[in-house]
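1. sequence and predicted structure are below.
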Amino acid sequence: MLTNRVKELRARFNLTQSGLAENVGVTRQTIVSLEKGSYTPSLLLAMNIAEVFDMPIERIFSKEEKKK
Amino acid sequence: MSMYITVFLRIMLLLSFSVMVFDFLRVEQLFIQMDRGYIDGFEVFITRWPGVIFIIIAILFVIINIVQFILVRRNKHSILNAFLAAEYDVSDERAVQITHKAVSNAFVFILVYSFFIIGSYMFIPNYFVDYIWYPLFTTASIPIVGLLTYLISFKVLQHK
């Protein structure tokens, strides 16, 4: 399972969901489900998000083992 | 473009076309019966509204397809190579992924549904004579059921 800090970083960078969506080339709904953790982004989208926040991907996305 | 509109139009297109074909088959069947000497003559009333609806919906559907294609091309986030039908949402990578899942669900549902439809012909063996509508409308129901499964699956996955 992939967890992310998109919501936290978006707030820190003072970006709206629509703004971030526009920057990375997806719809707002995709950002919503990404923040909820119900969508695993493609590598390209993850790289685009990392570019917007100017951070390496691994500081935004991290792998988490599924709880049994 | 709302997926509800495109799915509704596609279903109406299939239904109106089926009714048109049904009318044609009904008359053909009466001619065959007369030819074989089962009946001396017949009277038939053909309704025009399925044909009118079919033409209107076909024109609307072509227009919507063109508009949809233009919108997809204009939207810089769209994944153009995934666009195959107006029902497909290709607005971004998640929409394409959901479309793929919904299409898979519809495909499996069609496989199961067709199995039962084919089996149901066993119970109506004289459908060519008395129930001419049965094979026609059950065949038309296959893509309709597929479309509805696709729509429901898509909307459920989209709101997850």
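-> Looks like it arrived, so ask away.
2. longest helix anywhere in chain A?
-> Among all segments of chain A classified by DSSP state H, the helix with the greatest residue count is helix A:43-53.
3. for the record, mean pLDDT for it?
-> Per-residue pLDDT values across helix A:43-53 average out to 93.
4. same check, this time on stretch B:109-129
-> When pLDDT is averaged along stretch B:109-129, the result is 85.
5. and stretch B:76-94, by the same measure?
-> Mean pLDDT, taken over the full extent of stretch B:76-94, equals 84.
6. is that stretch positioned near chain A?
-> Yes: remark: stretch B:76-94 sits within contact range of chain A at B:76-77, B:91-94, by CB under 8 Å from any CB of the partner chain. Bear in mind the C-beta positions are built from the backbone N, C-alpha and C, glycine included.
7. and B:Val104, what does it touch?
-> Careful, residue B:104 is Ser; it's not Val. With contact set as CB atoms under 8 Å, 6 or more residues apart in numbering or on different chains, B:Ser104 has no partners.
8. may I see the residues of stretch B:76-94 next to chain A organised as a markdown table, with secondary structure added?
-> As requested, these are arranged in a markdown table below (DSSP: H, G, I helix; E, B strand; the rest coil):
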| residue | secondary structure |
| --- | --- |
| B:Lys76 | coil |
| B:His77 | coil |
| B:Ser91 | coil |
| B:Asp92 | coil |
| B:Glu93 | helix |
| B:Arg94 | helix |
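9. go ahead and confirm A:Asn48 touches A:Val24.
-> Yes: using CB atoms under 8 Å, A:Asn48 is in contact with A:Val24, at 4.1 Å.
10. if we can go back for a sec, of the residues of stretch B:76-94 next to chain A, which is the most crowded?
-> B:Arg94 (25 neighbours; other CB atoms under 10 Å in any protein chain shown).
11. what about that residue, distance to A:Phe53?
-> 19 Å (CB to CB, to the nearest Å).
12. closest to B:Tyr38 out of the residues of stretch B:76-94 next to chain A?
-> Lowest distance from B:Tyr38 to the residues of stretch B:76-94 next to chain A (CB to CB) belongs to B:Ser91, with 57.4 Å.
13. quick one, helices of the chain?
-> Using chain A. Assignment of helices within chain A using DSSP H yields the ranges A:6-12, A:17-24, A:28-36, A:43-53, A:57-60.
14. not quite, I wanted chain B
-> In chain B, the segments counted as helices under DSSP H are B:3-35, B:49-74, B:93-120, B:133-158.
15. what inclination does the last one have with respect to helix B:3-35?
-> In this structure, helix B:133-158 runs at an angle of 170 degrees to helix B:3-35, with axes from the mean of the first three to the mean of the last three CA atoms, to 10 degrees as the basis.
16. neighbour-wise, which of A:Asn48 and A:Val24 wins?
-> In this comparison of A:Asn48 against A:Val24, neighbours counted by other CB under 10 Å, the higher total goes to A:Val24 at 23 against 16.
17. any idea how far that one is from B:Val44?
-> The gap separating A:Val24 from B:Val44 is 62 Å, by CB to CB.
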